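Asks: Just the structure for this:
(one chain, ligands or ions: 2)
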Amino acid sequence: MNTEKPELLLRELITCSIVLEKMISDLYFELYEKTRDPDIKLLFRVIGLESKRHSEILEETAVTYGLKQERVDCRKHLGELFVVVESVLNQLREKSELTLKDLETILGKNCILENFVGEETYHRILLPLLVDMVPDASESLVRIMNKIVRDEEFHEEALKYIISRIRTSQ
Ligand SMILES: [Fe+2]
Ligand SMILES: [Fe+2]
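Replies: Numbering: from 1, shown residues only. Ligands and ions are numbered 1, 2, ... in the order given. Model prediction:
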């Protein structure tokens, strides 16, 4: 493994990905707690658990490769993505229960799929680029990042399924 100091940008990107995955897991746990439909709830729980795991996996990876950076302004780095996730999270925390209409707004218009690059797309694109930026990236690192990318594909499919279910049941 290369012990030279990696570029600052690489450290900032991976540090903000850890932060983003944690926010995303909090967001899905809020959705899980406040949704009634048991089938949709289960998917929110699974996406929340996987996002939490992503945050932990990226943290382990960052520590192993010496890529953790202190005091990064992730709001500045992630821009609109950070702002939207934070605002949705705040809206969710104020609600005690979510109707299907609320869910459609949150998933469809505000947040994840339409007119906006969500966390899933962001990480699907970013993580392979991060691997290319790591000096002497190991085969294990490539496999770990590919695993997260596959999970993100699953999250996108699950969200599309949830939205279509909500729209057909209204
Ligand atoms: Fe993720
Ligand atoms: Fe995700």
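
Asks: Now for whichever residue of the chain sits closest to ligand 2: which residues touch it?
Replies: Proximity of the chain to ligand 2 (Cβ to the ion) peaks at residue 155, 3.9 Å away. No exception for glycine: its C-beta is placed from N, CA and C like everyone else's. Residues near residue 155 by Cβ atoms under 8 Å, 6 or more residues apart in numbering: 47, 50, 51, 120.

Asks: which ones are touching the last one?
Replies: The neighbours of residue 120, taking Cβ under 8 Å, 6+ apart as the test, are 112, 152, 153, 155, 156, 159.

Asks: swap in the third one?
Replies: Under the criterion of Cβ under 8 Å, 6+ apart, the contact partners of residue 51 comprise 21, 22, 24, 25, 28, 119, 155.

Asks: and the least confident of these?
Replies: Minimum pLDDT for these is recorded at residue 119 (88).

Asks: What does it show for phi and psi?
Replies: Per-residue torsions, residue 119: phi -60, psi -40 (degrees, to the nearest 10).

Asks: Can you give me every residue that contacts it?
Replies: Counting by Cβ under 8 Å, 6+ apart, the residues that residue 119 touches are 20, 21, 24, 51, 81, 85, 112, 152.

Asks: element containing whatever residue of the chain ends up closest to ligand 1, please.
Replies: In the chain, the residue that lies nearest ligand 1 is residue 54 (4.2 Å; Cβ to the ion). Taking DSSP states H and E as the criterion, residue 54 maps to helix 38-64.

Asks: again, but for residue 96
Replies: Of the helices and strands defined by DSSP H and E, none includes residue 96.

Asks: Now it. Its backbone dihedrals?
Replies: According to degrees, to the nearest 10, residue 96 has phi -100, psi -20.

Asks: correct me, but it touches residue 34?
Replies: Yes. With contact defined as Cβ atoms under 8 Å, residue 96 counts as touching residue 34 (6.9 Å).

Asks: Between those two, which has more neighbouring residues?
Replies: Remark: of residue 96 and residue 34, residue 34 carries more neighbours, 18 against 6, as counted by other Cβ atoms under 10 Å.
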